[in-house]
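Engineer: Provided below are the primary sequence and the corresponding predicted coordinates.
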Amino acid sequence: MDYPQEKVMPYGKEGKKSEQVEQMFDHIAPTYDQLNHTLSLGIDRSWRRKAIHTLRPFRPQRMLDVATGTGDFAILACRELHPQSLIGIDISEGMMNVGREKVRQAGLADRIAFAREDCTALTFADATFDAVTVAFGIRNFEKLDLGLSEMCRVLRPGGHLVILELSTPDRFPMKQLFFLYSKVVMPLIGKLVSKDNSAYTYLPESIRAFPQGEVMQQALRHAGFSQVRFRRLTFGTCTLYFATK
């Protein structure tokens, strides 16, 4: 089915969303980490740890990090879970180039590799991975259902999917505070630091448009996942999804 965020694009309605997203992230890659931590007040680090903690009992050995960006989640997952191998994929070479340098400095280049992939048409064989993760990137998928189906396909039976995504609080006063923060503060700081007038206007718009909670839970089940559950974090500003194939 069609989802509202699939029509939200960084630079207008002309062209493909995936191409615009690639262009945007290539442009903001040098400042992305700084902005990410600043705009979340550093809480994004604890969100990643909570997501990785859900995989700890299963000890995944082959992992795929989708929309890996600059590799923050991949590096933390490798340090915490000690998989034999972890592949981070993204459509932005600019973001992955930052990630490659971070992985080199962390001494993890023998276990973390990067590859440019379209998340709606992965080149990996069926049942390749024990775990698939996506942190703060799934709302950028051009076709959500295709992306979810592909992640299910490359997971082995019994494998696990973990998704972290920003979300909009639905209760007073966080709902009102987040609205003001996302409409005024995010675009202003993003414009000043990244010099991209559109990127940090697109960010809150895509958050508001993305299916949340029970709607996303149903989309995961439709893609072939079972035992789907979700947990709202930090007053609903982030949601953690966990699913089993």
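Structural biologist: Noted; the coordinates are in hand.
Engineer: other residues contacting the lengthiest helix in the chain?
Structural biologist: What stands out as the longest helix in the chain, according to DSSP state H, is helix 17-39. Residues from elsewhere that reach helix 17-39, judged by CB atoms under 8 Å, 6 or more residues apart in numbering: 6-11, 44-45, 69-70, 72, 90-95, 97-98, 118, 136, 140, 142, 185-186, 189-190, 193-194, 196, 198-200, 202. Bear in mind the C-beta positions are built from the backbone N, C-alpha and C, glycine included.
Engineer: which secondary element of this structure has the worst mean pLDDT?
Structural biologist: helix 186-194 (a mean of 81; mean pLDDT, DSSP states H and E).
Engineer: show the secondary-structure elements that the helix or strand following that one is packed against.
Structural biologist: Downstream of helix 186-194, the first helix or strand assigned by DSSP states H and E is helix 199-209. If contacts are counted by 3 or more CB pairs under 8 Å, 6 or more residues apart in numbering; DSSP states H and E, helix 199-209 sits against helix 17-39, helix 186-194.
Engineer: and among these, the most buried is which?
Structural biologist: helix 17-39 (a mean of 19; mean count of other CB atoms under 10 Å).
Engineer: what's the mean pLDDT across that helix?
Structural biologist: Average pLDDT, helix 17-39: 92.
Engineer: CA atoms only: put it into CSV for me.
Structural biologist: In CSV, the C-alpha atoms belonging to helix 17-39 read as follows (Å, rounded to 0.1, in the frame of the first residue of the first chain):
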residue,chain,number,x,y,z
LYS,A,17,12.5,10.0,-3.6
SER,A,18,15.5,7.6,-3.4
GLU,A,19,17.6,9.9,-5.7
GLN,A,20,16.7,13.0,-3.6
VAL,A,21,17.5,11.2,-0.4
GLU,A,22,20.9,10.1,-1.7
GLN,A,23,21.6,13.7,-2.8
MET,A,24,20.6,15.1,0.5
PHE,A,25,22.6,12.7,2.6
ASP,A,26,25.7,13.1,0.4
HIS,A,27,25.4,16.8,1.0
ILE,A,28,25.0,16.8,4.8
ALA,A,29,27.3,13.8,5.5
PRO,A,30,30.2,15.9,6.9
THR,A,31,27.9,17.5,9.6
TYR,A,32,25.4,14.6,10.1
ASP,A,33,26.9,13.1,13.2
GLN,A,34,27.2,16.5,15.0
LEU,A,35,23.6,17.4,14.1
ASN,A,36,22.2,14.0,15.0
HIS,A,37,23.6,14.1,18.5
THR,A,38,22.7,17.8,19.0
LEU,A,39,19.1,17.6,17.8
